[in-house]
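# Here's a sequence, model it:
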Amino acid sequence: MDESSLTGESDQIRKSPEHDPIILSGTHVMEGSGKMLVTAVGVNSQTGIIMTLLGAAKTVAEEERKTAKREGGDGASGAEEGTAQALLDSKGDEAMANGKAVAAAESDGKKERSVLQAKLTRLAIQIGYAGSFVAGCTVLILIIRFCISRYAIDGKSFSLADFQHFINFLIIGVTVLVVAVPEGLPLAVTLSLAYSVKKMMLDNNLVRHLDACETMGNATAICSDKTGTLTTNRMTVVQSFVNDVHYKDTPKIESLDQNTAKLMMDCISINSSYSSQVIPPKQLGEQATQLGNKTECGMLGFVLALGKSYQEIRDRHPEETIPKVYTFNSVRKSMSTVINLPDGGYRVFSKGASEIVTKRCKYFLGKNGTLTKFSSKDAENLVRDVIEPMASDGLRTICVAYKDYVPSSKKTADNQIAYSSEPDWENEEMIVGDMTAIAVLGIQDPVRPEVPAAITRCQEAGITVRMVTGDNINTARSIATACGILKPGEDFIALEGKEFNARIRDENGEVSQEKLDLIWPKLRVLARAQPSDKYVLVKGIIDSRVTDSREVVAVTGDGTNDGPALKKADVGFAMGIAGTDVAKEASDIILTDDNFTSIVKAVMWGRNVYDSIAKFLQFQLTVNVVAVVVAFVGACAIQDTPLKAVQMLWVNLIMDTLASLALATEMPTEELLKRKPYGRTSPLISRTMCKNILGHAVYQLVILFTLIFYGEVCFNIPSGRWAPLHSPPSKHFTIVFNTFVMMTLFNEINARKIHGERNIFKGLFSNPIYYVIWIATMISQVVIIQFGGRWFSTSALNTTEWLWCLAFGVGTLLWGQIVTSIPTGSLPANMTIGSGEAPTNDPLMPDYEDSDTHEKRSGQILWVRGLTRLQTQLRVVKAFRSSLEEFDERRSIASTHSVQSMRGGFWSGGGRHTTTAASPEPAGQRIAMAAITHRQSPQPYPYYHHQQPRTPSPQPHIVVENGTSSGNNGQAATAAAAAPKAETNGKTEKVPLVQQWSPDTNSSYTQTQRSINKSMSLDTPVSVAHV
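Residues are numbered from 1 along each chain as shown. The predicted structure follows:
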């Protein structure tokens, strides 16, 4: 069986009632025959379980749960348990341990917010509430103070002009609210993510979901596939034993015995499927493409590495000249090919598993190509010294051998078999016996050269890398050691899927989170893993709470079997080249180069996104605190705000839009990988950030309050306090505004560092967007101050005043060094914002997602789309047909009236009109009209001009054939044996031309109508002229 669609490994699995009786859906029978008993179909099959985990299938239990939930009854929990029982549990026996029916269904249909998204949403709402409270208090204080001072103390009466004061108070309150609410926060997040996504494309990361970018920055664990991700997915000969020499890399052909080298290359090139080929890379630096059997391609690559062309060897021995081929199968575990020798005779090449082929060998090509006897003791030494060390390195050992059949008169060597008559090619055991071993080759899917360094960088960054593969445990352990996942002397474990299931399940066969928590912290390699094993591991790590900071798990995969784990993971990476459509659809990020190094770059970009948003928060919250406090204290103290509405909106523009552009587009650095990940429960605003926010806010508030209350004394200018409502702008408050903006701009440089770094200028000019925006803002501020006038409530400043404002701004940089010197450890531990996880039922978190409607499962979406399209098409067809029916009815009525107006009668053989005295109109005309209406209408609504009696009568013969009949010399229409009309009191009963009619199946008219309908189409144009 080929189970690569489930396990991702190309090795074929032998099935038998005694050894492995379970055949999984979605796998392929490659060889043999037999009978099977179907034990599970649909969602209970292995493929069905994968589709269920992906959300493409629904169980009856899920439907019951949703129905009970909608009805609001108590059955919801029971149905929930039913779903879990149907999808989560296994039976606990050996078959179940192999992953036959292990699945997990989401108890909550809502799509989880990303770590950053949840924290930012909660923080923004909290700031919004605080800002609304302060704005409301500001307006209330201003109104109360004005009313008391004007009406109570001054004793003035109310006038309509007082509304101007109240409107001004309201404007101040709205301005405080606008400044307080961080509406630039979503913009900063989106800008940072979008900018990072664009740049990540250059690093071979195609981001499908924006939030996956920042989530990757918090990743604490990576569960990686082996084949194609950590390895090249190209089998390669990495060791060889030729002429009694064990080569650990590809030998030079000059160092080999020429006869041995020729025999080895001929055996590899000829004794393989000619469809197996190695295509050279199209561009320098790319890998060669392997077509066909991976093992054969690896050996053909060995020939190419020796500097020879396998195709030239094949051209000398075309397939049609080969007398006999013994193909590879699981019984032989070898392949043999017979070729003709140039001087007569035959040569048999054989290759296969080393333990099988060496048993058939009687000779061995030893040192310098000398022929030596190969005894059983020599075979034991070969196994001990060569084969077992190769196997311990995770290599698949292949032995290549040959045997010559020569005529009796031409035998010259001991290993040649003389024959007098044609060998019996059907006696395979004799043909492949007494062979001469040429070499033993060690084949492996080698580790990508850049992977060990990438995994080391991940480990230094605090990310644990685990390998989950369908390969055997020895190969997996060897690859993990080569990658650096497993290190000698460390207390880490490697398990097979069967043992893993046995350890994590209780006596009922259900997955126990407690038992899983004892395994996964030390687990580094999971081999022979079924798709459900990978899913259970990922889900268990995500749900585990044994660590202080809950794990954020990333998963890599390329096959359909990886789909459930990719979907469940916080971030799923799919391979862009080798990945299946199911894996790509379930993933969040696609690696366009299938390289693990790209994951490290994704981690770097993700952490950069997190830091960029943290920088913006540190900057914006400082401005928020200062602006709100100044506005509030100003309202309480001087019944006015020192920062006018337009000025605060400009400050809001600086700190929201422009700052988000500047700070959210910082480039990542290698320093990001030298610290531990934030994790799921780390605070959004750390103690260091809180220290910076409060420290700079204190500095700015001291400077601003000094200028507000003593500025006129310091600068010898008129005071701007207690100014009338429509007074011109004052220099006093212009200095206050300008100083605030200068301190804000220079604090934007401080905000670039959030981890207590002293060198705030490092990397300043690596981001042109940042310094262009900073310079543009500074120039805009100069223009606003000097030329803003009444528009911005500013008055032009002289050089001395400008220098003082700049000095206060530069002082922010110096003050930042003082704040940095304060040890963070001396601050309270709870001096953080946004720590812990945002609870799912948090009243502050808006719940826009409905588990029943928000995120439809992918399979359901496909069905709904298909059904909707089908219904739309049916509606279009019906509408089109109904319009045609209405058109035909109108056309038929018009045609009838036009025929009635004709003065001619019925065209008979001689063209003579035939009339009936009892009828007010010609009878022939009436019969002709029946033919016309029948010809025009293919619908079950016949058009009558007169009511026909229902008495049995001869069947009317109506022939309409392209407007002519076949009889009576090609006359236009023929109607015979027309039924007599009904008369009542000598009068003809008139009926509507078109009426609803339900024909019975035996009526003569129904049969006639059916015969006409079969030959008619809606597209056939008919007019009176035809008739």
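
# can we go C-alpha only for contacts and neighbour counts from here?
Fine.

# So for residue 210, what's the nearest residue that isn't a sequence neighbour?
The spatially closest residue to residue 210, leaving aside those adjacent along the chain, is residue 193, at 6.2 Å (CA to CA, 6 or more residues apart in numbering).

# The helix or strand that contains that neighbour - contacts with which helices or strands?
Applying DSSP states H and E as the criterion places residue 193 in helix 184-202. For helix 184-202, the elements it packs on are strand 205-207, helix 210-217, helix 597-638, helix 659-663, judged by 3 or more CA pairs under 8 Å, 6 or more residues apart in numbering; DSSP states H and E.

# Mind putting these into CSV with mean pLDDT?
Output for the helices and strands packed on helix 184-202, formatted as CSV (pLDDT from 0 to 100):
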stretch, mean pLDDT
strand 205-207, 90
helix 210-217, 82
helix 597-638, 85
helix 659-663, 81
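
# For residue 149, which of those is the nearest?
For residue 149, the closest of the helices and strands packed on helix 184-202 is helix 597-638, at 12.2 Å, according to CA to CA.

# picking up where we left off before, so the residue nearest to residue 210 is in contact with residue 213, correct?
Yes: at 6.8 Å, residue 193 counts as touching residue 213 under the criterion of CA atoms under 8 Å.

# of those two, who's got more company?
Neighbours were counted for residue 193 and for residue 213 using other CA atoms under 10 Å; residue 213 has more, 31 against 28.

# Confirm for me that the more buried one is in contact with residue 195.
No: counting by CA under 8 Å, residue 213 does not reach residue 195; the two are 10.7 Å apart.

# about what we covered before: can you tell me which residues contact the residue nearest to residue 210?
210, 211, 213, 214, 609 (CA atoms under 8 Å, 6 or more residues apart in numbering).

# how deep is the first one tucked in, by neighbour count?
Number of residues near residue 210 (other CA under 10 Å) recorded here: 18.

# pretty sure it is touching residue 194, no?
Yes: the pair formed by residue 210 and residue 194 meets the contact definition of CA under 8 Å, at 7.3 Å.

# name the element residue 137 belongs to?
Residue 137 is part of helix 115-147, with elements assigned from DSSP H and E.

# same for that helix, what does it pack against?
Using 3+ CA pairs under 8 Å, 6+ apart: helix 115-147 touches helix 163-180, helix 210-217, helix 597-638.

# ok, back up a step: who touches both of residue 193 and residue 213?
Jointly contacting residue 193 and residue 213 under the rule CA under 8 Å, 6+ apart are residue 609.

# For residue 155, which of the helices and strands packed on helix 115-147 is the nearest?
Of the helices and strands packed on helix 115-147, the one closest to residue 155 (CA to CA) turns out to be helix 163-180, at 16.7 Å.

# In space, not sequence, find me the middle residue of this structure.
By CA atoms, centre = their mean, the chain has its centre lying nearest to residue 587, at 2.9 Å.

# Three-state assignment for the nearest residue to that one once chain neighbours are set aside, please.
Sequence neighbours aside, residue 572 is the residue nearest to residue 587 in space, at 4.5 Å (criterion: CA to CA, 6+ apart). What DSSP: H, G, I helix; E, B strand; the rest coil gives for residue 572 is strand.

# which ones are touching residue 572?
554, 555, 556, 557, 565, 566, 586, 587, 588, 589.

# Where does pLDDT dip in this structure?
Flagging of the chain using pLDDT under 70 yields the residue ranges 5-11, 53-115, 285, 330, 639-640, 720, 722-726, 834-1027.

# How is it divided into domains?
Following the TED database, the chain resolves into domains at 3-62, 182-198+610-821, 207-230+448-594, 236-280+287-444.

# For residue 136, find the nearest of the ones you listed.
Between residue 136 and those, the tightest spacing by CA to CA is seen for domain 182-198+610-821, at 10.1 Å.
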